[in-house]
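In: predicted coordinates and the sequence they were generated for:
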Amino acid sequence: MARREREEIVISVRGLRNGFGDQIVHDGLDLDVRRGEILGVVGGSGTGKSVLMRSIVGLQTPLAGEIQVFGENTIGREETEAIAIRKRWGVLFQGGALFSTLTVSENVQVPIKEFYPRIDAALLQEIAAYKVVMSGLSPDAGPKYPAELSGGMKKRAGLARALALDPELLFLDEPTAGLDPIGAAAFDELTASLQKTLGLTVFLITHDLDTLYAICDRVAVLADKRVIAVGTIDELLALDHPWIQEYFNGPRGRAAVASAERAQPRT
Ligand SMILES: Nc1ncnc2c1ncn2[C@@H]1O[C@H](COP(=O)(O)OP(=O)(O)OP(=O)(O)O)[C@@H](O)[C@H]1O
C-alpha cells in the first residue's frame, strides 16, 4: 500500500477473530476507517458491533487478527506505548457510562487527570468547563450529578468526557439510542459540526437510520461474523444482500430517506 494511502487510513482491522467460550463473534473481519470520515457501523443485534469497538480501543483482546490505529499496532503493546495511542481517541460508551458519584465536570476531568496527573487544578476546571459547553450543555450542567440529568444531557456529558483530551478519533456507541427524534437530530447535528470543526474521524455504531442518512459518509455492515459490505448508502443499496435490502429499503429505511430528502433535497 502506498504511504499516502496508509496515512489516510486511521483504523485498519485485518482478520479479526473474537469469541467467548464456544461462541465466535467475529471471524476474518476486515475494516478500514478513513481519516476525516464519519463511518456508521450497523448490523443486527448481537452481530458484534460493540465487541468490534472494544477490540479497537483495547478493552477486548482478540483471539486473532491485527488492528492498527494511526498506523500503530494496538494489540499487545507495552503500557506506555498503548497510552500514547489511547490519548489520541475519545470514546462515548452506550448510555454515556458516567461515574454516578462524580459531577459532570469531574467526569470530564477523569481522563485529563489520568493522562496528565500534575495538571494545575484551575486549568483542569477551565478545560472541563470548555468541553461541557462545546458538547452543547449549559455551563450550569458542570456541577450537576448524572442522576440530575436527562438522557440527552447524559449523552452530551459523555461526549464532553470523550472530547476531554482533544481527540483526533471519536468512537460513539449508539449515541442517539433512547433519545426522542428531536433530541436525536440535535445530537447528530452536534456530531457533524464537531467532526467538521475539529477535523475528527468518527466511528459511530448506530441502529438509527436517520443518523446514517443525515451524517454518515460511509456505512459498514456487520453480518455473518464479519463486515460484509462498506460504502455509501447508495453503494450498499446497489448490493443484492437480503439484510441490507430489508434494512435500508424496509418501511423505516424509506421513511428515513424521505426525512433526509426533506431536510436536504437531492439535486
Ligand atoms: N464480555 C462478554 N462475555 C460474553 N459474551 C459477550 C461479552 N461481550 C459480548 N458478548 C457477546 O458477543 C455478542 C456480540 O455482542 P455486542 O454487544 O458486540 O453486539 P452488538 O452488535 O453491539 O449488539 P446490540 O446492537 O444489541 O448492542 C453477543 O452475543 C454478546 O452476548
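Out: Looks like it arrived, so ask away.
In: just to be sure, Gln68 is in a helix?
Out: No: the assignment for Gln68 (DSSP: H, G, I helix; E, B strand; the rest coil) gives strand, which keeps it out of a helix.
In: so the host helix or strand of Val51, near the ligand or not?
Out: Val51 is part of helix 49-56 when elements are defined by DSSP states H and E. Yes: using Cβ under 6 Å from any ligand atom as the criterion, contacts between helix 49-56 and the ligand involve 49-51. All C-beta atoms are positioned from the backbone trio N, CA, C, and that covers glycine.
In: looking at the longest helix seen in the chain now, give me its mean pLDDT.
Out: Ordering each helix of the chain by length in residues (DSSP state H) puts helix 181-198 first. Taken as a whole, helix 181-198 has an average pLDDT of 92.
In: likewise for stretch 46-66?
Out: 94.
In: returning to what we had before: need the residues that contact the helix holding Val51.
Out: 11, 13, 16, 18, 25-26, 29, 31, 41-43, 60-62, 67, 69, 74, 91, 94, 171, 173, 203, 205, 222 (Cβ atoms under 8 Å, 6 or more residues apart in numbering).
In: what is the burial count for Pro251?
Out: Neighbours of Pro251 under the rule other Cβ atoms under 10 Å: 7.
In: what does Leu209 give?
Out: Residues contacting Leu209 under the criterion other Cβ under 10 Å number 22.
In: isn't it up against Ala256?
Out: Yes: contact criterion Cβ atoms under 8 Å: Leu209 and Ala256 qualify, at 3.7 Å.
In: helices along the stretch 151-267 of the chain, start to end?
Out: For the stretch 151-267 of the chain, helices defined by DSSP state H, counting those that start in this stretch occupy the ranges 151-162, 181-198, 209-215, 233-237, 242-249, 251-263.
In: near the ligand, which residues of the stretch 51-200 of the chain are found?
Out: Val51.
In: tell me which residue in the stretch 51-200 of the chain sits closest to the ligand.
Out: At 3.6 Å from the ligand, Val51 is the closest residue in the stretch 51-200 of the chain, using Cβ to the nearest ligand atom.
In: okay, now that residue: neighbour count?
Out: Neighbour tally, Val51, other Cβ under 10 Å: 21.
In: how about Tyr213: what's its closest non-neighbour residue?
Out: Leaving aside its sequence neighbours, Tyr213 sits nearest to Ala260 (Cβ to Cβ, 6 or more residues apart in numbering; 3.8 Å).
In: wait, what's in contact with that neighbour?
Out: Counting by Cβ under 8 Å, 6+ apart, Ala260 makes contact with 210, 213-214.
In: from those residues, which single one is nearest the ligand?
Out: Asp210 (16.6 Å).
In: which pLDDT does the model give that closest one?
Out: pLDDT, Asp210: 88.
In: and it, what is it in contact with?
Out: Asp210 makes contacts with 176, 181, 184-185, 188, 256, 259-260, as judged by Cβ under 8 Å, 6+ apart.
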